[in-house]
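Provided below for reference: sequence and predicted model.
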Amino acid sequence: MKGTCNCGSINFKISGSITKLYQCHCKLCQKQSGSTSNTATIIHESSFKWLSGFDSITNWKKDSGFTSDFCKTCGSPVPNRLRDTHFIWIPMGLVENVDAKVVVHICCESKAKWDSIQGNVSILDGMPESVDDFIKSLQSSDM
């Protein structure tokens, strides 16, 4: 699978398959996406490769540790390392030809009043209790 920012400056490749996504409804993700949530997944760094445009990435870091990497030209959020782990956060709007579904919604206590969550999915009021378990659940083949 390949992904690219809006202007095409930044390109990356993901090996393997992605079947599970999550949507975060926290205020930071709402502002970053300009919408109700941010749809993403988390993959191991061994499945990720930058193809071009790494020098076109800039970032913003909040005191809390929240980091947003984005294209200097078009502003698209782009993949970034999940803190000090071996995992990469992938904003799924950049990835082409993905047959995946949202399986969990997080930070729903702060979702926009006009947001409506549909379907048979897990709903968490806040963040997952264990980030490690959350990552494992996104990578498992169980639905």
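Yep, that arrived. Being a predicted model, the structure only gives us computed values, none of them experimental.

mind listing what Ile43 touches?
Counting by CB atoms under 8 Å, 6 or more residues apart in numbering, Ile43 touches 14, 16, 18, 87-88, 90, 139. Any C-beta I mention is one placed from the backbone N, CA and C, and that applies to glycine too.

of the residues you listed, grab the buried ones for ChimeraX.
To isolate the buried ones among those in ChimeraX, judged by 16 or more other CB atoms under 10 Å, type:
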select :14,18,87,88,90,139
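
list the ones among the contacts of Ile43 that fall in strands.
Mapping these onto strands (DSSP state E) picks out 14, 87-88, 90.

just give me the residue right at the centre of the protein.
Ala40 (2.7 Å; CA atoms, centre = their mean).

check which element follows the helix or strand harbouring that one along the chain.
Assigned by DSSP states H and E, Ala40 belongs to strand 38-44. Next along the chain after strand 38-44, taking DSSP H and E as the criterion, comes strand 48-52.
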